[in-house]
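*Asks:* Quick one: sequence plus predicted model below, questions after.
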Amino acid sequence: MATVKVGDTIPKGTFSYVAYTPELEDGLACGVPTTLSTDEWKGKKVVIFSVPGAFTPTCHANHLPPYLKKYDEFKAKGVDAIAVVAANDPFVMSGWARVSGLKDKILALSDTNAQWSASMGLSVDMSSRGFGTRTNRYALVIDDLVIKYIGVEPAPGVTVSGADAVLAAL
């Protein structure tokens, strides 16, 4: 159950990620993880969508691709950055970003142990499936660190956290 709502300021958090560079495209280099603080989103409009796991069927086939396909629509609505968040490590997130063709359009951020998501009540225990604690499937629109939209999936599938729902909320 989400513990944040529209109008709340997002909690401070730090993510690990491997920044896109053309050298990573050949798949022979892994890149070096760096960090991104939520402080870097101050004064910006950011769309964050979260998936339980990179490369998992719904996340890989139904959740991520529409965000990439509609990237220009998000930019036209004033979005400064789009990020996908999962509890996977930054190397897995980087590999998923490369395979999915995200390049420098969508940041693939590692929410280690789903800590940031958990601080908002947006983690999910998937231990029964052998996955441990993961980020829930959700989307946020933040503007100057304030939540303007939150969509947490009530059941399996992609509805309120999908690209179309978020675009409609912008």
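*Replies:* Received it, and whenever you're ready, just let me know what you need.
*Asks:* to the chain's geometric centre, what's the distance from stretch 8-23?
*Replies:* Here the centre of stretch 8-23 is set off from its chain's centre by 9 Å, with Cα atoms, centre = their mean, to the nearest Å.
*Asks:* count of neighbours near the closest residue to Thr35 other than its chain neighbours?
*Replies:* Once flanking residues are discounted, Thr35 sits nearest to Thr14: 5.2 Å by Cβ to Cβ, 6 or more residues apart in numbering. Every C-beta, even on glycine, is put in place using the N, C-alpha and C of the backbone. Thr14 has 15 neighbouring residues, counting by other Cβ atoms under 10 Å.
*Asks:* Contact partners for Thr14?
*Replies:* By Cβ atoms under 8 Å, 6 or more residues apart in numbering, the residues touching Thr14 are Thr35, Leu36, Ser37, Thr38, Trp116.
*Asks:* how about these in TSV, adding distance to Ala76, pLDDT and neighbour count?
*Replies:* Below are the contacts of Thr14 laid out as TSV (distance: Cβ to Cβ, whole Å; pLDDT from 0 to 100; neighbours: other Cβ atoms under 10 Å):
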residue	distance to Ala76	pLDDT	neighbour count
Thr35	30	96	12
Leu36	24	96	18
Ser37	27	97	11
Thr38	24	97	18
Trp116	28	96	24
